[in-house]
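Undergrad: coordinates only, sequence not included:
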């Protein structure tokens, strides 16, 4: 039997007729620059084709309900196994989705309380905050309430006809404006400051009567209406734009009835061994295991055993500080990946292919060994483990390494090395050289003369923390996962100085085939304006999302043929040859180039082409500074790697008006050689008179900082304190966990 996955003639994305023989039942790590083509091989080819062929084994009826995977652009692929994908995509859900619900542990806990809880109140559904019978009636099971400060949308010096209400639907002439004025409820010309108390109450809270007459019509009142139409919707139903708009008028607070516990009084009256279900859901996993082990009721043994097994796996994978009530949308990409991974840790399946996307993300160097041991266990059970990774501690455990390069984008897509870790260290690839290169600790650090103060911070696990953040220097905030780094910087510091802060976090970039780097950064409008001026045509003619779109493919550049239960077939649009634009648009040029020529330019080429246009060149310079000079302007965001998207976000905010830059794990998805370039960029930002604060685990980033703040000493309830404050050289000689691993990296 052939023990290798065979790939021949792969031309997907930037892969250049690539052929590979990947050993099975081994740990195989794929390395290379961000955007070199690693994910193309592992996710877009091996994972997609494995799942596509698995789906073909199901009935036609089942296949209509399964996700569709298009056949990758490869001549030959053979010897695949069923695959399990553990990626970095954040867990879906809204305020109702918690670690307990997403992992199914809360279902078991509800069952426990329905079986042995005292007093007994009935089935497990009565303990669900997503069930009307169990949820708090005041907050509907969310644990917090939203209040609409109606006076923030009212200009008391204006009348309704003058735009008194700063709500779009109430602007003069719009729907609700007509509703509120057509029946004579209010005088359109009367200013709000002149309203009587009765008129104010009518406008805000509504009434079932009009002028005392008994009529069937009623007016709802803008506060009640806003509550019903906006605040009562789940967060999942709200768009980012809507949430941003309403945040100006809405305050959020703990539900006064359930005190944030989500459940009604009846559910909260039930106890097991002296604890309510809400109290158990607030316990860190390390403590909850101990509490569950003390339950000796034989009726609950099977339930508690299952819970303890799941919780132990969470602890083993480095998440002892999490608790069931933690909302999934607050988890980092690395935490989400590990929560997803837990469900596979107890699997007895063999002959599978497990595919990981940077499993070390979000892990402190101390905890990376946990992930390494898990990968080894999966392999030793008889599985193939494919890993896309930049961390040397994960790369070093590989049985086989495939390095993709030599660079990124159109300069990548080739196999530059195959072999063992020891052989990689001797190679002349960018990865080999970067792994050999030991970054020295910064010796000439900036000396701060002023500070931003944080006093008595108690958010989440922070223990009355007071600390000074140095101004106009590069500060790295570090500590083990769950120590309180993000709570300190994002939840306290960033909010306290919000008017000056530029936050680049791990939230995903909205990436579709219609979004490109120039649409995301907002300079595509300027490019279209230049074409419009030159051609005397409307600028919409130069948008593939508007008048300029190819009429056959509607600006997509390809035609998708849906085949019901079969996989879709995508073909390049023959009418526009994949360039997305109509024939009319292609007749117009700017400086001798069509709009398609411009979108095909790399950032480096476009910088030269638009050097006289400051509005465009400013954004191109930002992309160039973050190391994305090779990306073409029209490349869809959906085709960018995770590391590339992270840098696109940074480029968007590089020249923002704020002077405090906060970056949450900016090295996510970055090759070791790119990290030094990123640090050079941060140095330049500081040199411009700004303050840069980086939340990071990467030891190379720590070495190049001016100051380091280490939060700990451990995670969860054992964290929340400042355990070190000083220079990288001083951290090297400290006795903190981070100091220990910095010494190992520096001296090892």
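TA: Nice, thanks for sending it over. Everything quoted here is computed from the prediction, not taken from an experiment.
Undergrad: any low-confidence regions in the protein?
TA: Counting by pLDDT under 70, the chain has low-confidence residues at 1-2, 90-93, 208-217, 229-247, 508, 510-512, 563-567, 748.
Undergrad: name the residue closest to the centre of it, please.
TA: residue 507 (3.3 Å; Cα atoms, centre = their mean).
Undergrad: pretty sure it is in a strand, no?
TA: No: checked against DSSP: H, G, I helix; E, B strand; the rest coil, residue 507 lies outside a strand; its state is coil.
Undergrad: mind listing the helices for the stretch 451-600 of the chain?
TA: Along the stretch 451-600 of the chain, counting by DSSP state H, counting those that start in this stretch, helices occupy 485-486, 494-496, 517-520, 524-535, 595-599.
Undergrad: any idea how far the first one is from the chain center?
TA: Mean-position distance between helix 485-486 and its chain equals 16 Å (Cα atoms, centre = their mean, to the nearest Å).
Undergrad: cool, stretch 372-390 as well?
TA: Centre to centre, stretch against its chain (Cα atoms, centre = their mean), the figure for stretch 372-390 is 25 Å.
Undergrad: next one: stretch 75-91
TA: In this view, stretch 75-91 has its centroid 21 Å away from the chain centroid, taken as Cα atoms, centre = their mean.
Undergrad: quick one: buried residues of it?
TA: By neighbour count on 16 or more other Cβ atoms under 10 Å, the buried set for stretch 75-91 is 77, 80, 81, 83, 84, 85, 86, 87, 88, 90, 91. In this view, the C-beta of every residue, glycine as well, is placed from N, C-alpha and C.
Undergrad: now do the SS call for the third one.
TA: At residue 81, secondary structure determined by three-state DSSP is coil.
Undergrad: contacts only, for it.
TA: Contacts for residue 81 (Cβ atoms under 8 Å, 6 or more residues apart in numbering) come out as 24, 50, 351, 352, 353, 384.
Undergrad: now, of the residues you listed, which are buried?
TA: Neighbour-count burial (16+ other Cβ under 10 Å) applied to the contacts of residue 81 gives 24, 50, 352, 353, 384.
Undergrad: now, the most widely separated pair of the residues you listed?
TA: Pairwise distances across the buried ones among the contacts of residue 81 peak at 12.3 Å for 24 and 50 (criterion: Cβ to Cβ).
Undergrad: any common contacting residues for those two?
TA: Residues touching both residue 24 and residue 50 by Cβ under 8 Å, 6+ apart: 81, 353.
Undergrad: before we move on, the earlier item: and the buried residues of stretch 75-91, which of them are in strands?
TA: Among the buried residues of stretch 75-91, the members falling in strands (DSSP state E) are 77, 83, 84, 85, 86.
Undergrad: against residue 81, how distant is the closest residue to the third one other than its chain neighbours?
TA: Spatial nearest neighbour of residue 84, chain neighbours left out: residue 354 (5.1 Å); criterion: Cβ to Cβ, 6 or more residues apart in numbering. Relative to residue 81, residue 354 is positioned 10 Å away (Cβ to Cβ, to the nearest Å).
Undergrad: list the residues that contact both of the two?
TA: Common neighbours of residue 354 and residue 81, using Cβ under 8 Å, 6+ apart, are residue 384.
Undergrad: can you map out the helices along the stretch 201-350 of the chain?
TA: 222-226, 240-246, 265-268, 277-281, 285-293, 301-316, 333-345.
Undergrad: tell me which element residue 435 falls in.
TA: Element membership for residue 435 (DSSP states H and E) is helix 430-436.
Undergrad: buried stuff in that helix?
TA: Residues 430, 431, 432, 434, 435 are the ones in helix 430-436 that count as buried (16+ other Cβ under 10 Å).
Undergrad: that one: how far from the chain's middle?
TA: 29 Å.
Undergrad: which strands and helices sit next to it?
TA: strand 27-32, strand 400-405, helix 421-426, helix 672-687 (3 or more Cβ pairs under 8 Å, 6 or more residues apart in numbering; DSSP states H and E).
Undergrad: now these in a markdown table, please, with extra columns for distance to residue 306 and mean neighbour count.
TA: Formatted as a markdown table, the helices and strands packed on helix 430-436 follow (distance: least, Cβ to Cβ, whole Å; neighbours: other Cβ atoms under 10 Å):
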| stretch | distance to residue 306 | mean neighbour count |
| --- | --- | --- |
| strand 27-32 | 30 | 27 |
| strand 400-405 | 37 | 24 |
| helix 421-426 | 39 | 14 |
| helix 672-687 | 41 | 18 |
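Undergrad: and the ones you listed: which comes nearest residue 531?
TA: Residue 531 lies closest, by Cβ to Cβ, to one member of the helices and strands packed on helix 430-436: helix 672-687, at 31.5 Å.
Undergrad: tilt between the next helix-or-strand element following that closest one and helix 672-687?
TA: Per DSSP H and E, the first helix or strand lying C-terminal to helix 672-687 is strand 691-695. Counting by axes from the mean of the first three to the mean of the last three Cα atoms, to 10 degrees, strand 691-695 lies at 150 degrees to helix 672-687.
Undergrad: can you give me how far strand 691-695 is from the chain middle?
TA: Here strand 691-695 is found 19 Å from its chain centre; the criterion is Cα atoms, centre = their mean.
Undergrad: list the strands paired with it, with their directions.
TA: Partners of strand 691-695 in the sheet, by DSSP bridges, are strand 474-478 (parallel), strand 660-664 (parallel).
Undergrad: quick one: residues contacting the residue lying closest to residue 262 once chain neighbours are set aside.
TA: The shortest distance from residue 262 to any non-neighbouring residue, by Cβ to Cβ, 6+ apart, is to residue 129 (3.7 Å). By Cβ under 8 Å, 6+ apart, residue 129 lies in contact with 96, 135, 136, 141, 142, 143, 262, 263.
Undergrad: please work out which residues outside the helix or strand where residue 729 lies touch it.
TA: Using DSSP H and E, residue 729 maps to helix 728-732. Contacts to helix 728-732, defined as Cβ under 8 Å, 6+ apart, come from residues 441-443, 445, 702-705, 708, 710, 724, 738-739, 742-743, 746.
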